[in-house]
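Give me coordinates for this.
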Amino acid sequence: MTATVETIETPTLAGDLMSTRQRLRLVLVLGSLIAIGPLTIDMYLPALPAITTDLHTTSAAVQLTLTGTLAGLAVGQLLIGPLSDAVGRRVPLLAGLGLHIVASLLCAIAPGIGTVGALRVLQGLGVAASAVVSTAVVRDLFSGAAFAKLFSRLMLVMGVAPILAPTLGSGLLRWSSWRGVFLALAVFGVLLIIVAALQLPETLPPQRRRRGGAAATLRDYRALLRDRTFVGLVLVTGLAMAALFAYVAGSSFVFQQQYGLDEQQFGLAFGAGAVGLIAATQLNVRLLRRYSPQRILVTALAVGTVAGAVLVAVAATGFGGLAAVLAALWVVLATAGLAMPNAPALALSRHGEAAGTAAALLGSVQFGVGALAAPLVGVLGTGSVAMAVVVAGGMAAATAVLLVVVRPARLAEVEPAALAVAAH
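Okay, the predicted model is just below:
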């Protein structure tokens, strides 16, 4: 009797047929589109103390403008994701970029903090299109470890944005006020809408688009929310992002007011943290050749939780001063850089038939949880301890959700055949 071995063939996606040059061009275009989110969030960070003074408000109120952007990103993705599944990727993307340009111009002439906050919500809604459509385009073309690998490359491109954004903002503040930052964002939006119109083709053909309107959208969301593993991975991604946004929200006040750095020094310190994030995302590409995404995810979150505890300890005791805080933050951000490409890849690989809706829910939770984390730092006092507690709490919560809700053993069931792509 001869045994037969049944082989499981994975479908060939359009991305599998792309040349190296085509993939590089795709990374650059999508990375530029994704980068508008971090730039919109981070570029005005050095100006937060100046905005507080200029608009005669409080640091907590100014931090709420960051929350407004994150809330706009969260809500916008829930709307734009299903829309992009129904009408294609290009139309929502171009419309969102147009909204961002208008909101940025209005921010530049806003008379008060309330107006800035409302317009920042609109900015978030606009860049939500870039975030969700870019992710959906990658899922249209790739899956599994191939998705994680390309997403890591995207994180290199968009990872440059958090490093450059505060530095660019600091440079603008040397010859302009904080309003000049929003004018620069509007100019960048104009450049991106031209790039998207000319360089990004439609990746969702009419025959693959979702039909049925609102009822179909609700069915898609219901199916996603019933998938325990998907929901758990989305929460893991969101909580890791919360740790990142707690750092974003608190760093300008911690580094400038507590440790006495000026705006230019803050840009360098902030960039040092982002270097860890970028280095880890690129290390992830190499690790995927030897290890599964689920193994990398589990290890990264465990190390990040320990580093978060160390961060709280050095912030509370003052041991090692600013250098110790930066070192602990570097490790936390590096582990987040390992977790954030792999958790979305594992989650989205389960629902390729509704990539836009799945990416929307993923992005909404990411920025929604981040929107809660940002003001929490301000509520706790805007000092290094407050920032450290929220950062560490995000990583610890992500680890808990992974262990209790997702359960690492279940992740072995996620597209095992697709993981072979990582060795290429």
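
so what's residue 304 closest to, chain neighbours aside?
With CB to CB, 6 or more residues apart in numbering as the criterion, residue 304 has its nearest non-adjacent residue at 3.3 Å, and that residue is residue 335. Where C-beta positions appear, they are placed from N, C-alpha and C, glycine not excepted.

The one you found sits in which helix or strand?
For residue 335, the host element (DSSP states H and E) is helix 321-348.

what's the answer for residue 237, then?
helix 228-253.

Okay, buried residues for the helix or strand that that helix is followed by please.
Where DSSP H and E defines the elements, the next helix or strand beyond helix 228-253 is helix 263-287. Residues of helix 263-287 classed as buried by neighbour count (16 or more other CB atoms under 10 Å): 263, 266-267, 269-271, 273-281, 284-285, 287.

and the next helix or strand after the helix holding residue 335, what does it pack onto?
Using DSSP H and E, the helix or strand that follows helix 321-348 towards the C-terminus is helix 355-380. Contact analysis of helix 355-380 by 3 or more CB pairs under 8 Å, 6 or more residues apart in numbering; DSSP states H and E lists helix 59-87, helix 113-141, helix 213-226, helix 228-253, helix 321-348, helix 384-401 as its packing neighbours.

got the buried residues for helix 355-380?
In helix 355-380, counting by 16+ other CB under 10 Å, buried: 355-378, 380.

Next: stretch 250-265.
250-256, 258, 261, 263.

re earlier: least reliable of the helices and strands packed on helix 355-380 by average pLDDT, please.
When these are ranked by mean pLDDT, helix 213-226 comes last with a mean of 80.

packing partners for that helix?
Counting by 3+ CB pairs under 8 Å, 6+ apart, helix 213-226 packs on helix 59-87, helix 228-253, helix 355-380.

what's the angle between it and helix 228-253?
Counting by axes from the mean of the first three to the mean of the last three CA atoms, to 10 degrees, helix 213-226 lies at 90 degrees to helix 228-253.

How far away from the center of its chain is helix 213-226?
24 Å (CA atoms, centre = their mean, to the nearest Å).

and the angle for that helix with helix 355-380?
Going by the same axes, to 10 degrees, helix 213-226 makes 70 degrees with helix 355-380.

Let's verify residue 111: helix, strand, or coil?
Here residue 111 is recorded as coil under DSSP: H, G, I helix; E, B strand; the rest coil.

Can you pull the phi/psi pair for it?
When quoted as degrees, to the nearest 10, the phi and psi of residue 111 stand at phi -90, psi -20.

separation between it and residue 338?
44 Å (CB to CB, to the nearest Å).

Could you do residue 284 as well?
5 Å.

what stretches of the stretch 151-300 of the chain score poorly on pLDDT?
152, 155-160, 162-163, 212-213 (pLDDT under 70).

so what's residue 335 up against?
Residues in contact with residue 335, defined by CB atoms under 8 Å, 6 or more residues apart in numbering, are 280, 300-301, 303-304, 307, 395.

Could you dump the residues you listed into TSV and include secondary structure and distance to residue 226?
Below are the contacts of residue 335 laid out as TSV (DSSP: H, G, I helix; E, B strand; the rest coil; distance: CB to CB, whole Å):
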residue	secondary structure	distance to residue 226
280	helix	32
300	helix	27
301	helix	24
303	helix	32
304	helix	29
307	helix	34
395	helix	27
